[in-house]
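Engineer: one predicted model, sequence on top.
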Amino acid sequence: MLTFIKGHLSSISGIEIFPIISLLIFFTFFVGLGIYVFRTDRKKIEEIKRIPLDEE
Amino acid sequence: MQVEKFSYDNKIVRLFLIATISWGIIGMLVGLIAACELIWPELNFTRYISFGRLRPLHTNAVIFAFVGNGIFAGVYYSLQRLLKARMFSDALSKINFWGWQLIILSAVLTLPFGYTTGKEYAELEWPIDIAITLMWLAFGINLFGTILKRRVKHMYVAIWFYIATFVTVAVLHIVNSFEFPISFFKSYSWYAGVQDALVQWWYGHNAVAFFLTTPYLGLMYYFVPKAANRPVYSYRLSIIHFWSLIFIYIWAGPHHLLYSSLPDWAQSLGVVFSIMLLFPSWGGMLNGLLTLRGAWDKVRDDVVLKFMVVAITCYGMVTFEGPMLSLKNVNWISHFTDWTIAHVHVGGLGWNGMFTFGMAYYLVPKLWRTTLYSKSLANTHFWIATLGIILWVIPMYWAGFTQGLMWKDFNPDGSLAHPNFLETLNQLRPYFMLRAIGGAMFIAGAVIMAYNLIKTAKQGNFLAEEAAEAPALVNPKQGHKGEHWHSAIERRPMRFLLFALIVILIGGLIELVPTFMVGSNVPKISSVEPYTPLELEGRDIYIREGCYNCHSQWVRPFRDEVKRYGEYSKSGEFIYDHPFQWGSKRTGPDLHRSGRGNGMNKPESWHYKHMIDPRIVSEGSIMPAYPWLMEKLDVSHTKDKISAMRSLGVPYPDGYEEQALEDLNKQAQEIYEAIITQDPEIKNARPDMELIAMIAYLERLGSDIHKANKVEEIETVEIVEPIDTAKTTAVDTTKIQN
């Protein structure tokens, strides 16, 4: 689809920065998430994990 | 610590559960009728159930009535228990329930009558859109109210999915529903053409993500551990699953724009993110399935788990297929065919359908404090539904492949092997039949379930107020020293909401900002002019009859499409299209080049006969007949429509309203005369018929670019032929340039 808008996006000034920003956002986000997840306290994880089963 | 006594509200769960199953069966039946109409077009015997009006009713019913009520049933049940708190407000629960049912009822009372916005999966007209917003807000307040008065410090992962669902659906619905009302039942989309298409598919793509996926993943994280009686496989994985899923999903939208002249990086971004999406999706699927590790023997005996395992497996399959469909060389064949329809039904029937059934089999015995009436009936349901899905999707995959390849088949001399569109469609009839049988089996299963659950409820004793007790939560916001940021936001729901909103907005904005930039950058083609009043009325009839459900208005830059339909479509041709009508499926041929000056243009009299009975001029056609278009055209809103369009930026001259009706009658008279001149045997035509307006629109479609010497700034685009490059691609794309 949309064969027709060639060049319109490239006419937005500074568009080249978009993919780089995207990459940076993602890299930071996932590295941060990864670090957090692997540093979380095992005991707390076990506790939260059991919330659905602890109700009765 | 003081233990507080309270009770869970089971009545609201019961109401939503009954609604889920009832609307589910109705919505699926509507789908079955629509499927049969594609086999036996005579079934379109009345306007109210003609395919173009029925198909939106089916999609809206199964998405918003079946799955929607299923979400509420599951959330209202699990939320109270996960938070050890009754719902925030019984009144809001009831408003949420009855309001939602009224919305569904209003869909049933508007769509068959032709009141539609003409935007797929968002067809409901503006007053209903406002009602949806209000009901969604009621749900949100109830959700957050309950979270705030909880007795459990941490929000379990299921609740994160509910929060993300609430906030994202709100954003999607509001942005996509900007409309300009003409009357109580008619509005025009705020956006036009390309921009409308981009907003619509941003909505459509993410509606699948945040209405059909995230709430059900939340339910999975609650009900699978409950049914298996063991905690989720990996809570760490669930954290990664959640954030990466909601983060990535929003970015994948550009895969609906493949083969566009969007810059390469943007297309690639869409594809890359779609591929990346495979990882969180499968992370979630594996987390669900691995919860059953060491307990697979239970799956043999436990009906609830059986349904859920098939549901999660289907989720895995459909989220594998999605990224594959986003690859250009696959999309090249799959797009506009029944392949897409098969894809969504693996998700709809398999993931949402089977999971909902599993949840119902879990909830009814619990709420009515009894055991399931008949396990063997439930097993029958399981097998008939599973086989039904297989019988539904496999033929449609086959149909999609068949048709996609037939469209692209060339003779050695360079002519199309199947120049008549109907030739390709007629091949699909057996597959359509198998699909209908598969669908009927799936519905039969649901009816068996309804019977089984009614019997279960009858033998049991409904527990309306389930007593519970838990210690009060002392200052849930207080953490401990040195804890991680995520633990902190998990305890603070509002901060969590904000964080989730930011995460979805990053992707959303990066996708939408260029969208809006495109809106101001669509090159104008000076020969493209606003529709005449008659054409505008005809276009509204086209929308009313739901023609976009079978006909696209989008010729892609492929050798076969250019050969079959004519010049590929340009963005500048759609700037006055509020809403766009590109469609997403070709059960009939593309219509963008049906207007004057194009190779596929037909005379007025042909359209006249074709609309009254398609099979007179097109043997074997499965298009519905539209005899009701012989009624008188209602022109009471024509002036308002012109004014509305001008407000939306369509350049009608000031005061044109006063002249509009005169022009309309003049053009109608011309078309009428053309019809009776071309075919003197047509005796029953009149200039004031709706059909005349429809013909005016069809004769106009895609014809403006042929007005000589007025074309400015249309760039050429290479014809794309990704698979068989050996074949010639010599199609003249420069012919419309000066």
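Structural biologist: Received, thanks.
Engineer: from here on, just use CA atoms for contacts and neighbour counts.
Structural biologist: Fine.
Engineer: residues in contact with residue B:621?
Structural biologist: Residue B:621 makes contact with B:422, B:614-615, according to CA atoms under 8 Å, 6 or more residues apart in numbering or on different chains.
Engineer: was I right to think residue B:298 contacts residue B:228?
Structural biologist: Yes - with contact defined as CA atoms under 8 Å, residue B:298 reaches residue B:228; the gap is 7.5 Å.
Engineer: so for those two, which sits in the more crowded spot?
Structural biologist: Taking neighbours as other CA atoms under 10 Å in any protein chain shown, residue B:298 and residue B:228 compare with residue B:228 leading, 19 against 15.
Engineer: correct me, but the more buried one touches residue B:296?
Structural biologist: No - with contact defined as CA under 8 Å, residue B:228 does not reach residue B:296; the gap is 9.2 Å.
Engineer: mind checking the SS state of the residue of the stretch 1-150 of chain B found nearest chain A?
Structural biologist: Here the stretch 1-150 of chain B gets closest to chain A at one residue, residue B:82, 5.9 Å apart by CA to the nearest CA. State at residue B:82, reduced to three classes by DSSP: H, G, I helix; E, B strand; the rest coil: helix.
Engineer: excluding residues flanking it in the chain, which one is nearest residue B:543?
Structural biologist: For residue B:543, ignoring the flanking residues on the chain, the nearest one in space by CA to CA, 6 or more residues apart in numbering or on different chains is residue B:118 at 5.4 Å.
Engineer: which ones are touching the one you found?
Structural biologist: Contacts for residue B:118 (CA under 8 Å, 6+ apart) come out as B:543-544, B:546, B:548, B:579, B:581.
Engineer: one more: residue B:182?
Structural biologist: If you count contacts by CA under 8 Å, 6+ apart, residue B:182 has them with B:188, B:637, B:640-641, B:644.
Engineer: for the spatially most central residue of chain B, helix, strand, or coil?
Structural biologist: In chain B, the C-alpha nearest the mean C-alpha coordinate belongs to residue B:121, at 3.9 Å (CA atoms, centre = their mean). The local conformation at residue B:121, judged by three-state DSSP, is coil.
Engineer: from the contacts of residue B:182, which land in strands?
Structural biologist: Members of the contacts of residue B:182 lying in strands (criterion: DSSP state E): residue B:188.
Engineer: which one of the contacts of residue B:182 is nearest residue B:292?
Structural biologist: Each of the contacts of residue B:182 was scored against residue B:292 by CA to CA, and residue B:188 proved nearest at 50.0 Å.
Engineer: pLDDT at the closest one, what is it?
Structural biologist: We note a pLDDT of 91 for residue B:188 in this prediction.
Engineer: what is it paired to in the beta sheet?
Structural biologist: Applying DSSP bridges to residue B:188 yields these beta-bridge partners: residue B:180.
Engineer: now do the same for residue B:4: helix, strand or coil?
Structural biologist: strand.
Engineer: wait, it sits on residue B:470?
Structural biologist: Yes - contact status for residue B:4 versus residue B:470: in contact at 5.4 Å, counting by CA under 8 Å.
Engineer: neighbour count: those two, which is higher?
Structural biologist: The residue with more neighbours, out of residue B:4 and residue B:470 and counting by other CA under 10 Å, is residue B:470; that gives 18 against 12.
Engineer: pretty sure that one is touching residue A:54, no?
Structural biologist: No - taking CA under 8 Å as the definition, residue B:470 is not a contact partner of residue A:54, at 10.9 Å.
Engineer: now residue B:9, nearest residue through space, not along the chain?
Structural biologist: That would be residue B:465: by CA to CA, 6+ apart, it lies 5.5 Å from residue B:9.
Engineer: gap between the one you found and residue B:386?
Structural biologist: Residue B:465 sits 35 Å away from residue B:386, going by CA to CA, to the nearest Å.
Engineer: neighbour count for those two, which is higher?
Structural biologist: Here residue B:465 and residue B:386 are set side by side on neighbour count (other CA under 10 Å), and the busier one is residue B:386, at 22 against 14.
Engineer: the more buried one looks like it's in a helix, true?
Structural biologist: Yes - secondary structure assignment places residue B:386 in a helix (three-state DSSP).
Engineer: OK, contacts around it?
Structural biologist: For residue B:386, the residues meeting the contact criterion (CA under 8 Å, 6+ apart) are residue B:442.
Engineer: separation between it and residue B:445?
Structural biologist: Computed with CA to CA, the distance linking residue B:386 and residue B:445 is 9 Å.
Engineer: start and end of stretch B:525-542, how far apart?
Structural biologist: Between the opening and closing residues of stretch B:525-542 we find a distance of 24 Å, counting by CA to CA.
Engineer: does that stretch come close to chain A?
Structural biologist: No - counting by CA under 8 Å from any CA of the partner chain, chain A is not contacted by stretch B:525-542; separation bottoms out at 11.8 Å.
Engineer: before we move on, the earlier item: closest one to chain A out of the contacts of residue B:621, please.
Structural biologist: residue B:422 (23.2 Å).
Engineer: just for the stretch 201-350 of chain B, where's the confidence low?
Structural biologist: B:257, B:260-266 (pLDDT under 70).
Engineer: go again with 80.
Structural biologist: For the stretch 201-350 of chain B, the stretches flagged by pLDDT under 80 are B:251-254, B:256-270.
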